[in-house]
Structures are given as structure tokens and as C-alpha cells.
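Asker: okay, sequence plus prediction incoming.
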Amino acid sequence: GRDPARVSILSSDNGREFSDKLVSFDLSPSTTLKLHKGDITLWSIDGSTDAIVNAAEELMLGGGGVDGAIHRAAGPQLVEACREVPEVRPGVRCPTGEARITPAFLLPVSHVIHTVGPIYGKHDQPEVLLANAYRNSLKIAKENKIQYIAFPAISCGVYRYPHNEASRVAISTIKECSDGLKEVHFVLFSDTTYSVWLESAYELLK
Ligand code: ADP
């Protein structure tokens, strides 16, 4: 069952109004997982050791969904910074499952971590690639002294990954790989994504 001592439900994040329905889980004595419903482009903790993760495309020059929202909010310098990331092969700056980091420009965080989740149905083992996207984002965060990181539901939009499976991969990978970070957040855009994530968190972290 749930241990109520480890789960707190607050109406807002310390007075910040960017999101609602905040729920916290202790991953370890020094790392907390927090789930919110909200818009990730408005999220920040301290503006100097925080990063949001972008569900990017391999070319890294913007797209729809959360990618478009992040580029609009960051301003045109973000696409210029992305263009400077070298292509590893034509049309690919960040292969599926890997991560790259840039400054965040007009966003309230210090960095954007760009990762590419799998297009569901295109790969044999999508769960491996989705786990890699979370793991490599956490790795590049730690290498850049990030202490607070926020993820969207990678691959759960136009890449059509089933939400229940995606949430389980996301939360179990974060449980394994978040040592050294203070807080890992999910900022989920819809009520349905939020409730699927919450259900999986209660199940996997109890
Ligand atoms: P992908 O191509 O990886 O599927 P999408 O951007 O299409 O990426 O969708 C990923 C998730 O991000 C979806 O659940 C979508 O609802 C969500 N999303 C879209 N805009 C935002 C936003 N501003 N903040 C947080 N999540 C968002």
C-alpha cells in the first residue's frame, strides 16, 4: 500500500502558479520525484541549476507539440544554438535515445536538454530507446551540474507511445538513474497523462 508519510499532495508548488496537482515521492533520502499537471515552458526552480527536457526530433531544429512550445518560449536563439550542434550523420544531430544540451535563452531555466524518444511502431524494442532517452538526459544533466530537471511525457504525443507503458519506463528509469539530482519533475500537459503517471508512480514507488 501507499505510505502516506512519503507522499504529499499540495495545491501549488511553493506558491508558483505554473501548474497544479503537485504530488511528491521520495526516490532516495536526497532525491525527490514530483508530478505536476502544467506547461513545462513555465517551469523553473532556481534559474541556474535547473533544466527542462525537450522531446525533440533527430534534426533538432524544432517541431510540433512540446518542441514547438519550448522553441517559441525560448526565442530564436535556441534554434541557432541547436544548429551549432554537429550532425552525426546527415539530418541527425541527436540520434533516438541520446541527449544534447543547450542554453535556455528566454526560458526561466538555465538549460534545455534535447532528447529524442522512439516513434512507436518503428523500432523493435521501443522500451530500450525510451529508457535511453531518460537515462541519457539525466546523465547529461549531472555532467552539467544540474540539480533540478523537468521532463514532459517523451514520445507520448505524435510519436504515439502508449501512455501506460511509457509512464512505467519513465518512472522506473528515473528511479534507477536519478542519484545525484535533488529533484526530478514530470510536467504533464493533460489530465489523462497526469493520471496515468500518478497511477504508475504509486505502483512502482510504493
Ligand atoms: P513526441 O514527438 O515525443 O511524441 P510531443 O511534443 O508530440 O512529443 O508530445 C509529448 C508530450 O508533451 C505529449 O504528452 C504532449 O501532450 C506534451 N506537451 C505538449 N506541449 C506541452 C507543454 N507545453 N508542456 C508540457 N507538455 C507538453
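Answerer: Yes, it's here. Numbering: from 1, shown residues only.
Asker: Thr41 contacts Ile70, doesn't it?
Answerer: Yes - at 5.8 Å, Thr41 and Ile70 qualify as touching, with contact defined as C-beta atoms under 8 Å. (Each C-beta comes from the backbone N, C-alpha and C, glycine too.)
Asker: for the ligand, what are the nearby residues on this protein?
Answerer: 39-41, 55, 65-67, 69, 117, 152-159, 187, 189-190, 193 (C-beta under 6 Å from any ligand atom).
Asker: mind checking which of the residues you listed land in strands?
Answerer: Counting by DSSP state E, the part of the residues of the chain next to the ligand found in strands is 55, 187.
Asker: for the helix or strand where Arg135 lies, C-alpha coordinates in CSV please.
Answerer: For Arg135, the host element (DSSP states H and E) is helix 126-143. Output in CSV follows, covering the C-alpha atoms of helix 126-143 (Å, rounded to 0.1, in the frame of the first residue of the first chain):
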residue,chain,number,x,y,z
PRO,A,126,10.9,0.9,-28.1
GLU,A,127,11.2,0.5,-24.3
VAL,A,128,15.0,0.3,-24.6
LEU,A,129,15.2,3.5,-26.6
LEU,A,130,12.7,5.3,-24.4
ALA,A,131,14.7,4.3,-21.3
ASN,A,132,17.9,5.5,-23.0
ALA,A,133,16.3,8.9,-23.7
TYR,A,134,15.5,9.3,-19.9
ARG,A,135,18.9,7.9,-18.8
ASN,A,136,21.0,10.0,-21.2
SER,A,137,19.0,13.1,-20.2
LEU,A,138,19.8,12.5,-16.5
LYS,A,139,23.4,11.8,-17.4
ILE,A,140,24.0,15.0,-19.3
ALA,A,141,22.2,16.9,-16.6
LYS,A,142,24.6,15.6,-13.9
GLU,A,143,27.6,16.3,-16.2
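Asker: other SSEs contacting that helix?
Answerer: Contacts defined by 3 or more C-beta pairs under 8 Å, 6 or more residues apart in numbering; DSSP states H and E place helix 126-143 against strand 99-103, strand 111-115, strand 148-151, helix 163-177.
Asker: hmm, who's touching the third one?
Answerer: Okay, so that is strand 148-151. Residues from elsewhere that reach strand 148-151, judged by C-beta atoms under 8 Å, 6 or more residues apart in numbering: 40, 43, 45-46, 49-53, 109, 113, 134, 137-138, 141, 170, 174, 181-187.
Asker: determine the residues that are contacts of both of Thr41 and Ile70.
Answerer: Jointly contacting Thr41 and Ile70 under the rule C-beta under 8 Å, 6+ apart are 52, 107.
Asker: longest strand of this structure?
Answerer: When the chain is parsed with DSSP E, its longest strand is strand 19-28.
Asker: which elements pack onto it?
Answerer: Applying 3+ C-beta pairs under 8 Å, 6+ apart, we find strand 19-28 packed against strand 7-10, strand 31-38, helix 191-204.
Asker: where does this structure dip in pLDDT?
Answerer: 1-19 (pLDDT under 70).
Asker: please repeat the previous calculation with a cut-off of 90.
Answerer: Within the chain, the stretches with pLDDT under 90 are 1-21, 206.
Asker: so for it, the centremost residue is which one?
Answerer: Centroid check for the chain by C-alpha atoms, centre = their mean gives Phe151 as the closest residue, at 1.4 Å.
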